[in-house]
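1. fold the stuff below for me.
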Amino acid sequence: MTIQNDGSDQAYVDTPTLVNEHIRATLIRASRAGYGVDSIRLQIRDAGGHLRQGPEIPLSSVPDLLKALAELVLQR
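-> Next up is the predicted model:
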């Protein structure tokens, strides 16, 4: 995984999925984030390269989100 910068100079990473799409996670600084605090925006980049808008998650909530995702994965 390589950290890149988008056209707005925001850092992001793309993670491939099984259906030729990518999950993009972008670091959104507080001055641009909907919550007014540093956040992570999650998006889907489809096979055609188009981004579908997703949620912004305040950085303070990311550890809880990761824990919840891990619990879901471990439960399968």
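
2. can we go C-alpha only for contacts and neighbour counts from here?
-> OK.

3. tell me which helix or strand comes right after the lowest-mean-pLDDT helix or strand in the chain.
-> Between all helices and strands in the chain, the lowest mean by mean pLDDT, DSSP states H and E belongs to strand 51-52, at a mean of 92. Remark: after strand 51-52, the chain's next helix or strand is strand 56-58, criterion DSSP states H and E.

4. who does that following strand pair with, and is each partner parallel or antiparallel?
-> Sheet partners assigned to strand 56-58 using DSSP bridges are listed as strand 39-45 (antiparallel).

5. surely Arg45 and His22 touch.
-> Yes. Applying C-alpha atoms under 8 Å, one finds Arg45 in contact with His22, separated by 5.0 Å.

6. the spatially most central residue of the chain and Leu74: what is the separation?
-> Central residue of the chain (C-alpha atoms, centre = their mean): Ala25, 2.3 Å from the mean position. Counting by C-alpha to C-alpha, to the nearest Å, the gap from Ala25 to Leu74 is 22 Å.

7. before we move on, the earlier item: verify the contact between the residue nearest to the centre of the chain and Ser39 for me.
-> No. Counting by C-alpha under 8 Å, Ala25 does not reach Ser39; the two are 9.9 Å apart.
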